[in-house]
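Trainee: fold the following.
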Amino acid sequence: HLATSLPLPSERDHLRPRIDLIVFMIDIKSKYSLKNVEASLAYVDASFFLGKVCFLVTGVGRVNACSIETNAVCKLGEAYCSPVLFCELELEGIRVATAQRLLRMLQICAGHIPGVSALSFVSLMRSSDD
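Mentor: Coordinates of the predicted model:
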């Protein structure tokens, strides 16, 4: 399910499936994109930041067209203890690899991978970055 911003409309709460993973997409060419994500973060329950949120930054293949500093997005990921994935959606190989990573993260967050929790997965990702 996709939403352009948070909070989600409450009139369909009873029909909404459980939310296992939130992926905030940030278009590196649009400052509005980052501002929209920052505004939406206030509506996410703090417990989701224990491994069930990630930031997906698109458009990284065109560095000269960037409106957002990658450092600003990395700081956002650090502040919310959430992984940041960078990708270029126009390149099929990268798009497929990113989709596979997101699907694997979703499987972990939904509890479909025995012995791996969302929190332990994010801990492993963080220790490999340090």
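Trainee: now the strands for this protein?
Mentor: Here the chain has its strands, by DSSP state E, at 22-27, 53-58, 84-87.
Trainee: check those strands for me and report the most buried one.
Mentor: Mean neighbours per residue, mean count of other C-beta atoms under 10 Å, is largest over the strands of the chain for strand 53-58, with a mean of 22. For glycine as for every other residue, the C-beta is placed from the backbone atoms N, C-alpha and C.
Trainee: quick one: average pLDDT of it?
Mentor: Here strand 53-58 scores 93 as its mean pLDDT.
Trainee: orientation of that strand relative to strand 22-27 in degrees?
Mentor: Relative orientation of strand 53-58 versus strand 22-27 (axes from the mean of the first three to the mean of the last three C-alpha atoms, to 10 degrees): 20 degrees.
Trainee: which ones are touching V57?
Mentor: Counting by C-beta atoms under 8 Å, 6 or more residues apart in numbering, V57 touches M25, I26, I28, T70, V73, V84, L85, F86, C87.
Trainee: same thing but 10 Å
Mentor: Contact partners of V57, counting by C-beta atoms under 10 Å, 6 or more residues apart in numbering, are 24-28, 33-34, 66, 68, 70, 73-74, 76-77, 84-88.
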